[in-house]
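Novice: Following is a predicted model, sequence given first.
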Amino acid sequence: MLGIDQCARSLEKCRANIFGWSWDSRLTMGLCVLGIALPLTWKSLQKRIKQYVARLLKHGLRGLLVESSPLPLVICGPSGVGKGTLLEHLMKVMPQFTFSVSHTTRAPRPGEEHGVHYNFSTVEKVKEMIAGGEFLEWAEVHGNYYGTSLEGLRGKGVTVLDIDVQGVKNVKSAVAEGRLAGANYVFIRPVDVKVLEERLRGRGTETEDKIQLRVANAKGELEYGEEAGNFDVIITNNDLDKAKSEIVEVAKSLYRI
Ligand SMILES: Nc1ncnc2c1ncn2[C@@H]1O[C@H](COP(=O)(O)OP(=O)(O)OP(=O)(O)O)[C@@H](O)[C@H]1O
């Protein structure tokens, strides 16, 4: 990386040559710009390299020619912290951020469209996909299978995953195994656990037992969320308007929009 003195000297040299830029000045100016830009882009560059390697392993050389889709945006945080509230705002302001379409083996209900509400599939097909490691996560509920496929994350815009810590670990395993190119991880934290309890009670959607269970789980989730290296960005949702602006700014900067 270039030092500040070197940058200043380069700028002075360029200024002196402003009316007839010599190749020397152009080169030093270029190096100067690179010196500033490179550290900023290093993280995204690393992700992009991993993405290319994963595609190369999966599809061979042909994979390098396929246009890459943006990495999914993972949003995690304890129950009641305001993930849903912040995501609703983000998706309203930036419609290119959307939830992924899940797979299900249950029959479509009136008005439900394949590929819009769900990807309707058969039990045989879903079992085949599970065996082939094509799901990020899946569950069997009342005899029907539901799951988030890795393919479903490669949508038109940026796919958003609102998931718990276990879900984040599943995403990280998929990345480590080369099944997913990567993801951007954002953790939402409260100022303290007491606030969570108040929000969950205020929302009025849970029984007291469930509130206590969610608050108890929150402690472990906060430990994981705040541990260095687990998330790219941590947003504290205290003042709601501030947190809303922050999530939009974070999304813009992560996806260079
Ligand atoms: N900054 C905030 N200040 C006050 N109340 C908030 C704030 N953010 C969210 N809330 C409120 O807290 C409650 C919980 O928010 P929300 O449902 O978005 O949480 P969540 O993290 O999505 O929860 P879950 O994981 O259980 O779905 C809602 O009633 C919401 O209106």
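Specialist: Yep, that arrived. Numbering: from 1, shown residues only.

Novice: and this protein, which residues reach the ligand?
Specialist: Within the chain, the positions near the ligand by CB under 6 Å from any ligand atom are 77, 79-85, 199, 202-203, 237-238, 240, 243. Just so you know, the C-beta spots here come from the backbone N, C-alpha and C atoms, and that holds for glycine as well.

Novice: repeat that with 8 Å
Specialist: 77-88, 162, 164, 188, 195, 199-200, 202-206, 214, 237-240, 243 (CB under 8 Å from any ligand atom).

Novice: Which ones among the residues you listed map onto strands?
Specialist: Using DSSP state E, the subset of the residues of the chain next to the ligand located in strands is 162, 188.

Novice: Filter the residues of the chain next to the ligand down to the buried ones, ChimeraX style.
Specialist: Burial among the residues of the chain next to the ligand is assessed by 16 or more other CB atoms under 10 Å; the matching ChimeraX selection reads:
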select :77,78,79,80,81,82,83,85,86,87,162,164,188,199,200,214,237,243
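
Novice: Dihedrals phi and psi, Gln96?
Specialist: Phi and psi for Gln96, reported as degrees, to the nearest 10, are phi -70, psi -10.

Novice: All the strands of the stretch 1-150 of the chain, residue numbers only.
Specialist: 73-76, 97-99, 103-104, 119-120, 135-141, 144-149 (DSSP state E, counting those that start in this stretch).

Novice: Same list, the ones you listed, but as TSV with mean pLDDT and distance to Gly157 please.
Specialist: Listed next are those as TSV, based on pLDDT from 0 to 100; distance: least, CB to CB, whole Å:
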stretch	mean pLDDT	distance to Gly157
strand 73-76	96	10
strand 97-99	94	6
strand 103-104	96	19
strand 119-120	96	17
strand 135-141	89	18
strand 144-149	93	16
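
Novice: can you put those in TSV and add distance to Glu112 and mean neighbour count?
Specialist: Shown next, in TSV, are the strands of the stretch 1-150 of the chain (distance: least, CB to CB, whole Å; neighbours: other CB atoms under 10 Å):
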stretch	distance to Glu112	mean neighbour count
strand 73-76	25	24
strand 97-99	15	17
strand 103-104	10	20
strand 119-120	8	16
strand 135-141	17	16
strand 144-149	14	20
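
Novice: what would those strands look like in JSON lines with distance to Leu31?
Specialist: What follows is those, written out as JSON lines (distance: least, CB to CB, whole Å):
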{"stretch": "strand 73-76", "distance to Leu31": "34"}
{"stretch": "strand 97-99", "distance to Leu31": "36"}
{"stretch": "strand 103-104", "distance to Leu31": "50"}
{"stretch": "strand 119-120", "distance to Leu31": "50"}
{"stretch": "strand 135-141", "distance to Leu31": "42"}
{"stretch": "strand 144-149", "distance to Leu31": "45"}
